[in-house]
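Chemist: missing the sequence, but the structure's below:
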């Protein structure tokens, strides 16, 4: 009987290759050097974080969650509460507790605090929601999203209700976003090779047999839920620092749909799929946006009508779901010799 | 290791319909106990009760002196009672090796420990060659052996096999019978074998319970069961008369 290589050495190629891909994207931004392009790359990094966050729960558990963007909302507002200069906070958000009103914490404290806050809330929601399965679980997560959105859209004193919360310190360097993305990918990878990740994928395939194998399914689901909420919350905080403004509706159906699309296009059951789906769809979106604004080709300016970008994403989704129901990468992961089964 | 798994006056009712009435049976360690009966007699319900997938409406499930009737399925497995399913139910997107690893992890091992145990067990059953295949694409017989392997991880005290020979040829069923005896002899498991293949049960089991319409109607050695008028009647009542002698 040959000694089997450890799980780490068999699979480490995946995060390394994904890390190299992200590094290449960061270097591209550095080479181009322009402000708007930098912002585009930062957007891509944040998307990668959000979709990896979704993958951790959805990919491993097989339960589709429509609620995870709620955690992004929680994270974005948490870092806003902690990092906006106190005079502005006292004007706009007077209902915050005193110690928060006085706080002026740096970006690098706000983001982890936001991630932890989102994870904590996920723990309480998850205690209840993780007992559900299948479509009931999905609808319950959607209810959670609506709940969070309603609270943040109406709690005037604390969230500014539907008006924009401004004054969040903006960070335009790509490096914090790059590092955070690497951390998110590392967390996604670590979870997928963990005991809990394996047990949850077993429950995804055959819940009854997983229970008969000693797997406590609600407990493992809760773990994935909390870890993915941590990543989603951190991603929301980074989003807040990338644009300086948050509103509750930024983190609602639109972002939920596009993030889920990216995960589905790449391949729901694969970390590589999550990352590659984002990079691919973001690139297509950027190119179409460019054409919507008009591209000069010699003397003529080529312009496509507004809205084509959204329509194209919808069409791509449908085509991929028809041709490759498991997504571009399926359940496989990238390795040195192409793809291997996850 | 526990010495005895028993159902004590277990009844199960589904919306007024009695699936099991006052079933009392004992599965001793290190022996093969058979459970046979016509279709719909309640055999699978009985396994579900013993493994925590079905709560009894009345009665208790006892592991040695311990009442385990209320435990959820994953906790029952952790006390050392394993089972397989009629339909295989492998984790289709995981490899054969990972299928076994899941049980190790479910029972508290690290992935490394679980991986080593899985390798050793696959070797013991003789299916190491399948190790890295995806479980979803396996032929029927291999699927059954993987399912038994998955249940055997960390040597459970009791193993409940729900129709493991369904769809097998006579030769494959013989091989299964040998595997079951290796399990009782080498792993010291108590095995409960539920089968439609009466020949296999008579050949493999030390003692046999016969279930009909949710009640135990007979218990004895294979020879006693073969001779039983009651058993003959139960089977004749539901199966084609043309077969004449069934047992």
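Modeler: Received, thanks. As the structure is a prediction and not an experimental result, all values here were calculated from the model.

Chemist: Spit out the contact partners of the nearest residue to residue A:148 once chain neighbours are set aside.
Modeler: With CB to CB, 6 or more residues apart in numbering or on different chains as the criterion, residue A:148 has its nearest non-adjacent residue at 3.8 Å, and that residue is residue A:70. From N, CA and C alone the C-beta is placed, and that goes for glycine too. By CB atoms under 8 Å, 6 or more residues apart in numbering or on different chains, the contact list for residue A:70 reads A:144, A:145, A:147, A:148, A:149, A:251.

Chemist: Filter those residues down to just the buried residues.
Modeler: Of all the contacts of residue A:70 considered here, the ones buried according to neighbour count by 16 or more other CB atoms under 10 Å in any protein chain shown are A:144, A:145, A:148, A:149, A:251.

Chemist: Just give me the closest of those to chain B.
Modeler: The shortest approach to chain B among the buried ones among the contacts of residue A:70 belongs to residue A:144, at 25.1 Å (CB to the nearest CB).

Chemist: Could you look up the SS state of residue B:61?
Modeler: Following DSSP: H, G, I helix; E, B strand; the rest coil, we place residue B:61 in the strand state.

Chemist: Leaving out chain neighbours, which residue sits closest to it?
Modeler: On the basis of CB to CB, 6+ apart, the spatially nearest residue to residue B:61 that is not a chain neighbour turns out to be residue B:69, at 4.7 Å.

Chemist: Go ahead and confirm the one you found touches residue B:56.
Modeler: Yes. Using CB atoms under 8 Å, residue B:69 is in contact with residue B:56, at 5.8 Å.

Chemist: neighbour-wise, which of those two wins?
Modeler: Here residue B:69 and residue B:56 are set side by side on neighbour count (other CB atoms under 10 Å in any protein chain shown), and the busier one is residue B:56, at 22 against 18.

Chemist: Help me confirm that residue A:96 is found in a helix?
Modeler: No. Per three-state DSSP, residue A:96 lies outside any helix segment and is coil.

Chemist: which residues touch it?
Modeler: Residues touching residue A:96, when contacts are defined by CB under 8 Å, 6+ apart, comprise A:81, A:89, A:157, A:158.

Chemist: what about 10 Å?
Modeler: Counting by CB atoms under 10 Å, 6 or more residues apart in numbering or on different chains, residue A:96 touches A:81, A:82, A:84, A:86, A:89, A:90, A:102, A:103, A:157, A:158, A:159.

Chemist: for those residues, which one is nearest chain B?
Modeler: Of these, the one sitting nearest to chain B (CB to the nearest CB) turns out to be residue A:82, at 37.4 Å.

Chemist: ok, how many other residues are close to the residue of the stretch 151-300 of chain A found nearest chain B?
Modeler: For the stretch 151-300 of chain A, the residue positioned closest to chain B under CB to the nearest CB is residue A:214, at a distance of 3.0 Å. Counted by other CB under 10 Å, the residues lying close to residue A:214 total 26.

Chemist: Same check on residue A:87?
Modeler: So residue A:87, with other CB under 10 Å, has 11 neighbours.

Chemist: and it, what element?
Modeler: helix A:86-92 (DSSP states H and E).

Chemist: quick one, phi psi at the residue nearest to residue B:13 when sequence neighbours are not counted?
Modeler: Sequence neighbours aside, residue B:57 is the residue nearest to residue B:13 in space, at 4.8 Å (criterion: CB to CB, 6+ apart). Taking degrees, to the nearest 10, you get phi -70, psi -40 for the backbone angles of residue B:57.

Chemist: Next one: residue B:57 relative to residue A:212, how far apart?
Modeler: Look at residue B:57 and residue A:212: by CB to CB, to the nearest Å, they are 22 Å apart.

Chemist: dump the residue contacts of residue B:100.
Modeler: Applying CB under 10 Å, 6+ apart, the residues near residue B:100 are A:213, B:94, B:114-115, B:117-122, B:125, B:131, B:135, B:146, B:149-153.

Chemist: run the last query once more with 8 Å
Modeler: Counting by CB under 8 Å, 6+ apart, the residues that residue B:100 touches are B:114, B:117, B:118, B:121, B:122, B:146, B:149, B:150, B:153.

Chemist: One more: residue B:160?
Modeler: Residue B:160 touches B:47, B:50, B:51, B:81, B:82, B:83, B:84, B:191, B:192, B:194, counting by CB under 8 Å, 6+ apart.

Chemist: Tell me if I'm right that residue B:34 and residue B:218 touch.
Modeler: No. Residue B:34 is not in contact with residue B:218 according to CB under 8 Å; the separation is 11.2 Å.

Chemist: higher neighbour count, those two?
Modeler: Shown here are residue B:34 and residue B:218; by other CB under 10 Å, residue B:34 has more neighbours (24 against 19).

Chemist: Low-confidence bits of chain A, can you list those?
Modeler: Low-confidence segments of chain A, defined by pLDDT under 70: A:1-3, A:341-342.

Chemist: what's around the closest residue to chain A within chain B, how many residues?
Modeler: When CB to the nearest CB is the measure, chain B has its nearest residue to chain A at residue B:106, with 3.0 Å between them. Applying other CB under 10 Å, we find 28 other residues in the vicinity of residue B:106.
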